[in-house]
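J.: Generate coordinates for the sequence data below:
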Amino acid sequence: MKAMADDETRDAKPRNPAPVAPTQRRYPAAERARLLAGWEAALAAGTGGAYLRQQGVYRTTLARWRDEAADAAKGVSATDHLKLTAEVAQLKRSLAIAKQKLEQAEVIIDVQKKLSLVLGLSLTATTSDPK
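T.: Predicted coordinates for the structure are as follows:
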């Protein structure tokens, strides 16, 4: 009897099945254009929020579509935009590192100046001409 109960337990559905991940909705270009035009008209009429609720679309989605359309009009593709965004992020990181190194160098120079004053050393450059 016990073996039969174990088989039934294994075949039973789990009590708490894993939730199914929602899929991202996709809109064709014509649908995007229609939604953007309707949103612009609703904004002009002062009913932008109601339009968004009625269509089931977020404002940020429409704003992103509008930016993508503006980039496409300029001749900038989405991949170009992503490449430029990544390059800007890399340049910002490089700038932050350079600023940190500059601050460290300034501290070292200040310490050297104070040490030379304490020791009574001259700060003039002593370069020798190789002539």
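
J.: When you work out contacts or count neighbours from here on, use the C-alpha atoms and nothing else.
T.: Will do.

J.: now stretch 36-46: mean pLDDT?
T.: For stretch 36-46, mean pLDDT rounds to 93.

J.: cool, and stretch 66-79?
T.: Mean predicted confidence for stretch 66-79 is 81.

J.: where's the residue positioned nearest the centre of the chain, which helix or strand?
T.: In the chain, the residue lying closest to the centroid (C-alpha atoms, centre = their mean) is Thr85, at 8.3 Å. Per DSSP states H and E, Thr85 falls inside helix 78-119.

J.: list the helices and strands that helix packs on?
T.: With contacts taken as 3 or more C-alpha pairs under 8 Å, 6 or more residues apart in numbering; DSSP states H and E, helix 78-119 sits against helix 59-74.

J.: neighbouring contacts of the helix it packs on?
T.: By C-alpha atoms under 8 Å, 6 or more residues apart in numbering, the residues outside helix 59-74 that reach it are Arg32, Leu35, Leu36, Leu52, Ser77, Ala78.

J.: same thing but 7 Å
T.: Leu36, Leu52, Ser77 (C-alpha atoms under 7 Å, 6 or more residues apart in numbering).

J.: Three-state assignment for the first one, please.
T.: Of the three states, Leu36 takes helix under DSSP: H, G, I helix; E, B strand; the rest coil.

J.: I'd like the distance between the residue lying closest to it once chain neighbours are set aside and Val111.
T.: Among residues not flanking Leu36 along the chain, Leu62 sits closest, at 6.5 Å (C-alpha to C-alpha, 6 or more residues apart in numbering). Note on Leu62: its distance to Val111, by C-alpha to C-alpha, to the nearest Å, is 56 Å.
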